[in-house]
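>>> what's the 3D shape of this:
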Amino acid sequence: MKKHILKSQKSMKISGLPLAVISFAGKVAILHKTSSKTSPILSLSWSHNGVDFLPDSKKVSIYTISKKKEKIEACINFSISNTPNGFVMTYIRVSKIKNKNKLVVARSKDLYRWDIKSELDPGDSQYGAVVYDRQKDKFEMYRDGLFIKNQPSISLSVWKEKPRLVFTSRVGQFDAGRMSIIGGTVSTDGVLVFYDASVENNTKTLLQVGAVIFDINNPKHIVWRSGMPIWQGIVDSKDKTRPIKHLGFSNLGKELIFYWLTADSNIIIVRIPAMFRETEDARHHPKIMDRFENNPIIEPIAGSHWENEGTFNPAVVEDDEGIIHILYRAVGGDGISRIGYAKSIDGVSLTGRLPYPVFEPARGYGMPEPGKEMGPQSYNPYIYTSGGGWGGSEDPRAVRIGDRVYMLYTAFEGWNSMRIALTSISLKDFKSGNWKWRKPKLISSPENRSKNWLIFPKKIKGKFAVLHSISPKVLVDYVDDLDKFDDIIYSPRPEGPQPGRKNSWDFLLKGSGPPPVLTEKGWLLLYHALEKTDTGKYRLGAMLLDKDDPTKIIYRSAHPILSPDMHYENDGKPGVVYASGALIRGEDLYVYYGGGDKVVCVAKTQVSKLLKYLATGSAKHYQLDKAKS
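Down below sits the predicted model:
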């Protein structure tokens, strides 16, 4: 994206100190304060074009809940938004007493008299912006801080719900640092929120604006997020101009205008077209998978000793009666990964979930010896970055072949012992909940740290097929009888991410996803990869393998088919969609995945559309009206 060099372009100067910007009915108003002998005076200046402002002699007043005038000298970081019945203002009242600052919410019918409705603990928030959700007859406040949070209220006076994380910064992208809320509004696409992701560097400041659209029916769920700044520009900064703080934005129909204030009281004005949503983003990340609207379907249970920290990375098995069984990785406060169980009839709504693990690691097969592990022996996502656990049975993959269910999992006993374990159970016991798993076998070499191995759900040429690498090529070993197998499969795959395709989105390959599913065109294999410009995100790709020789790749996706953009894919470990279960039901492919190493989610797409996309590399036959970056 081309950067604009602003240099000394300070568009205007206004009498007094500008505080916030608001637009409505084709006009733009700037709220500003001027000094006086007693206390600062608030007033407005008006404009029809968003650039040329004329002062208004009428004063602006803010009254506290006790009907006293607000102490304006103690207030910072104002934001104003309009609603159907007036205007809402937020700001921070700074206290001389530590940890006693307040996030103030006030309301006005005319922009001149403001009445405070509530005073909240700001936490780490510096700015807030309130929009009115007509669908739910609620106000939605978006607050910044370490993360961007949402908090609803019916009346502005009472905020029963605590702020809930809705999105985070993104490693390796333009908004990798701290983000600050500029403002929000309701658009035809949903709730539109703008945020400042500016960066200071030596003598220059890179101003950047990002945008997020939330579902109008669920203002916590993202339907679109800009993959690059909707605008960015460089300001030659000096000590007298820093810091540069945003004032807000105005919407004049065909264009949006953003405002920043320099430390020496100059205003920077930037205009961009109102139709800013990136066609570039839609080209690189077309919407191929449809997420289940009530994701996540499985979440950690507070108070549980074994699944209170994470429930994610699910395996799925559909039995002969059409019941879908979900085996998911669960992590408790002790940092040990176990296998939990849930089931569903329709594939998305749970009809049962057990309060105990159905598979637990044994010593030598995933349960580490405490004396041998140097790190903390508890849940710690900062040290144990793959889910936060320090040992156990991780990331199960399961298939039903004949009258048995086979499960592979990673037997993790610390960073020095990461092997693939194989176990199985009869279909009869599996369906009845009689969890008589066979004693596991370690089938990968003790010399390697191995992950992401799969069993094909059908025999190939009369033999069981085990996939253990997709890079530098697909590698499959064949076994006559898994039940009697007592050997090691030596995989030549090097450890860690491996080089992907040149000049394609999958710059680095992490590994395979769910067990392959058989289609009329061949084996459909999903896999995880990282983009060159964003190596902090696990994205999901797809490839089609030859039915009789699955080491041959027929087609491969030209784009990621699923990217971690929803808040529940960033709540735990930011930027992770980790698919480990898949099945075909009717015309649709259902993909079960872990979101943010925390929860279990579901997404689906039509099989015929996906196969056509793989063959052509074109996603035009998908509806691209809401690209998720």
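>>> Nearest residue to P229 in space, please, no chain neighbours.
Among residues not flanking P229 along the chain, Q208 sits closest, at 4.3 Å (Cβ to Cβ, 6 or more residues apart in numbering). Every C-beta, even on glycine, is put in place using the N, C-alpha and C of the backbone.
>>> Please name the bridge partners of the one you found.
Q232 (DSSP bridges).
>>> Make sure it is actually in contact with W231.
Yes: the pair Q208 and W231 passes the contact test of Cβ atoms under 8 Å, sitting 7.5 Å apart.
>>> Could you give the number of residues near I80?
By the measure other Cβ atoms under 10 Å, the count of residues near I80 is 27.
>>> oh, I was asking about I489
What I489 shows, counting by other Cβ under 10 Å, is a neighbour count of 18.
>>> Return the distance of stretch 297-311 from the chain's centre.
19 Å (Cα atoms, centre = their mean, to the nearest Å).
>>> separation between the residue nearest to M367 when sequence neighbours are not counted and I326?
Spatially, and ignoring its direct neighbours in sequence, M367 is nearest to P361 (4.2 Å; Cβ to Cβ, 6+ apart). Distance, P361 to I326, using Cβ to Cβ, to the nearest Å: 19 Å.
>>> again, but for K136
31 Å.
>>> With K109 instead?
52 Å.
>>> Which one's more surrounded, the two?
Ranked by neighbour count (other Cβ under 10 Å), K109 and I326 place I326 first, with 25 against 11.
>>> so what's the more buried one bridging to?
The partner residues for I326, given DSSP bridges, come to V316, A342.
>>> quick check, Y568 in a helix?
Yes: assessed by DSSP: H, G, I helix; E, B strand; the rest coil, Y568 belongs to a helix.
>>> Wait, it touches N294, no?
No: the criterion here is Cβ under 8 Å, and Y568 misses it with N294 at 10.8 Å.
>>> Looking at the two, which one has more neighbours?
Neighbours per residue, other Cβ under 10 Å: of Y568 and N294, the larger number sits with Y568, 22 against 12.
>>> per-residue pLDDT, the more buried one?
If you check Y568, the pLDDT there is 85.
>>> Show the contacting residues for it.
Residues near Y568 by Cβ atoms under 8 Å, 6 or more residues apart in numbering: 295-296, 595-596, 598-599, 601.
>>> Return the closest of the residues you listed with respect to S125.
G596 (21.9 Å; Cβ to Cβ).
>>> Show me where the protein has its helices.
In the chain, the helices defined using DSSP state H lie at 279-284, 427-432, 607-616.
>>> Just confirm the residue nearest to M367 contacts G389, I think it does.
No: taking contacts as Cβ under 8 Å, P361 lies outside contact range of G389: 10.2 Å.
>>> Now the common contact residues for these two.
With Cβ under 8 Å, 6+ apart as the test, P361 and G389 both reach 336-337.
>>> Same drill for those two, tell me which one is more crowded.
In this view P361 and G389 are compared by other Cβ under 10 Å, and G389 has more residues nearby, 28 against 24.
>>> I'd like the distance between that one and I298.
17 Å.
>>> what do you get for T519?
The value you get for T519 to I298, if Cβ to Cβ is used, is 27 Å.
>>> More neighbours: the two, which one.
Applying other Cβ under 10 Å to T519 and I298 shows that I298 carries more neighbours, namely 23 against 17.
>>> So which of the helices of the chain is the most surrounded?
helix 607-616 (a mean of 18; mean count of other Cβ atoms under 10 Å).
>>> CA atoms only for it, dumped as CSV, please.
Coordinates of the C-alpha atoms in helix 607-616 are reproduced here as CSV (Å, rounded to 0.1, in the frame of the first residue of the first chain):
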residue,chain,number,x,y,z
VAL,A,607,-17.7,-30.2,-1.2
SER,A,608,-18.5,-29.6,-4.9
LYS,A,609,-17.6,-25.9,-4.6
LEU,A,610,-14.4,-26.7,-2.8
LEU,A,611,-13.3,-29.3,-5.4
LYS,A,612,-14.1,-26.8,-8.2
TYR,A,613,-12.1,-24.2,-6.5
LEU,A,614,-9.1,-26.5,-6.1
ALA,A,615,-9.2,-27.4,-9.7
THR,A,616,-9.5,-23.9,-11.1
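>>> Contacts for that helix, please.
So helix 607-616 is contacted by 288, 519-521, 524, 542-544, 555-557, 561, 584, 587-589, 619, 621-622 (Cβ under 8 Å, 6+ apart).
>>> 6 Å - rerun?
521, 544, 555, 584, 589, 619 (Cβ atoms under 6 Å, 6 or more residues apart in numbering).
>>> ok, these vs I272, which is closest?
Distances from I272 to the contacts of helix 607-616, taken by Cβ to Cβ, are shortest for A619, at 26.6 Å.
>>> any idea of the mean pLDDT for stretch 494-506?
86.
>>> Just name the closest of the contacts of helix 607-616 to L467, please.
The closest of these, once distances to L467 are taken by Cβ to Cβ, is L544, at 14.0 Å.
>>> roughly how far apart are that closest one and H559?
In terms of Cβ to Cβ, L544 sits 15 Å off from H559.
>>> follow-up on the earlier one: what's around the residue nearest to P229, how many residues?
Q208 has 22 neighbours, counted by other Cβ under 10 Å.
>>> Can you name the residues that contact it?
By Cβ under 6 Å, 6+ apart, the contact list for Q208 reads 174, 197-198, 229, 232.
>>> out of those residues, which are inside strands?
Those of the contacts of Q208 mapping onto strands are Q232, per DSSP state E.
>>> And the contacts of Q208, which is closest to N308?
For the contacts of Q208, the nearest to N308 is A197 (33.6 Å; Cβ to Cβ).
>>> residues in contact with the closest one?
174-175, 179, 208, 210.
>>> which regions of the chain sit below the pLDDT cut-off?
1-14, 237-239, 275-284, 371-375, 382-383, 620-629 (pLDDT under 70).
>>> Kindly report the domain assignment for it.
Per the record, the chain has its domains at 4-270, 290-616, by automatic domain parsing.
>>> circling back: tell me the spacing between the residue nearest to P229 and V317.
46 Å.
>>> Same question for F78.
For F78 relative to V317 (Cβ to Cβ), the value is 56 Å.
>>> Was I right to think Y590 contacts G347?
Yes: assessed by Cβ atoms under 6 Å, Y590 is found in contact with G347 at 5.2 Å.
>>> Between the two, point out the one with more neighbours.
Taking other Cβ under 10 Å, Y590 and G347 do not tie; Y590 has more neighbours (24 against 20).
>>> just checking, N570 touches T168?
Yes: shown here, N570 and T168 form a contact pair, counting by Cβ under 6 Å, at 4.9 Å.
>>> which of these two has more neighbours?
Legend: neighbour count by other Cβ under 10 Å for N570 and T168, higher for N570 (24 against 17).
>>> Can you give me the first-to-last residue distance of stretch 546-559?
End-to-end span of stretch 546-559 (Cα to Cα, to the nearest Å): 21 Å.
>>> and that stretch, which residues are buried?
By 16 or more other Cβ atoms under 10 Å, the buried positions in stretch 546-559 come out as 547, 550, 555-559.
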